[in-house]
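# Below is the structure, and that's it, no one-letter string:
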């Protein structure tokens, strides 16, 4: 019985770890939303095109609103495998979470 409990615990930990392992994080600037694609660019000028956004993340920030253009975010995403009508598989990028990176709230003004 104890061996069974240990195996179940190890299996649960490994499944949870692999799910966490799939999440990738990047700091990037939101460029635009166009025809279902969310476009970001990181500090190294790498572009990220996301085809899906998790419902929780989309409720936090409605990226279809232009007020988020040129705002910097911490984007948590993962790659997902999809199949087309011919059962060909391909990968898409899906946003799992977003956090707006705010600039310093304290502004120093000189007179």
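Received it, and whenever you're ready, just let me know what you need. All values derive from a computational prediction rather than experimental measurement. Residues are numbered from 1 along each chain as shown.
# In this structure residue 50 contacts residue 36, no?
No: Residue 50 lies out of contact with residue 36 (C-beta atoms under 8 Å); the separation is 9.6 Å. (C-beta placed from N, C-alpha, C; glycine too.)
# For these two, indicate the residue with more neighbours.
A direct count of neighbours by other C-beta atoms under 10 Å for residue 50 and residue 36 places residue 50 higher, at 20 against 9.
# which residues does that one bridge with?
Beta-bridge pairing for residue 50 (DSSP bridges): residue 38.
# same thing with residue 79?
Beta bridges link residue 79 to residue 93 when assigned by DSSP bridges.
# Point out where the protein drops to low pLDDT.
In the predicted model of the chain, residues 1-21, 103-111 satisfy pLDDT under 70.
# Now do the strands in it.
24-34, 37-42, 47-50, 52-53, 72-83, 89-100 (DSSP state E).
# from those, which stretch is densest packed?
strand 52-53 (a mean of 22; mean count of other C-beta atoms under 10 Å).
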